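Asks: Provided below for reference: sequence and predicted model.
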Amino acid sequence: EKDGFSALQIGAVDNPKLKNVTKPLRKHFEKGGVNPKRKLWQFSVTEDALLPPGTTILARHFNPGQYVDVTGITIGKGFQGVMKRHGMKGQPASHGVTKTHRKMGATGGGGDPGRIWPGKRMPGRMGNKRRV
């Protein structure tokens, strides 16, 4: 309301160590009468949607059938091959195939275009990405 619009600030995960909270944020939490939080988000809302400070938001706050976007970090799996990372089939188990059973196969043309196309699915780091 102070900056010309109505907003709701939501904090998550209590911060047990006060020394890790900056003084301006510490005063901000004290003014609201809540414990310091590790995460803090702000959402623009209408006047009738404002909640009193310290209100716990549970699942019953939302209506049945209402869509909610949940964002998080996926589990990191490190460097993975194409079979795990992209679900490729790999090479045959026999019929002349030697030591390339879990490899991807051809990566593109030789003389023309003489390079690998951007976006080619290859081995690499899997997971540890922000997803909605």
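Replies: It's in.
Asks: low-confidence ranges in this structure?
Replies: 1 (pLDDT under 70).
Asks: Name the residues of the longest helix anywhere in the chain that are buried.
Replies: The residue-count maximum for a helix in the chain (DSSP state H) belongs to helix 23-32. Of the residues in helix 23-32, those buried by neighbour count under the rule 16 or more other C-beta atoms under 10 Å are His28, Phe29. Where C-beta positions appear, they are placed from N, C-alpha and C, glycine not excepted.
Asks: Note down every partner strand of the helix or strand just after that helix and its orientation.
Replies: The C-terminal neighbour of helix 23-32 among helices and strands, as given by DSSP states H and E, is strand 37-44. Strand pairing for strand 37-44, using DSSP bridges, gives strand 7-14 (antiparallel).
Asks: now the partner strand against helix 23-32, angle please.
Replies: Strand 7-14 runs at 100 degrees relative to helix 23-32, counting by axes from the mean of the first three to the mean of the last three C-alpha atoms, to 10 degrees.
Asks: tell me which residues in strand 7-14 are buried?
Replies: For strand 7-14, burial by neighbour count (16+ other C-beta under 10 Å) applies to Gly11.
Asks: Stretch 108-117 now?
Replies: Applying a neighbour-count criterion of 16+ other C-beta under 10 Å, one finds nothing buried in stretch 108-117.
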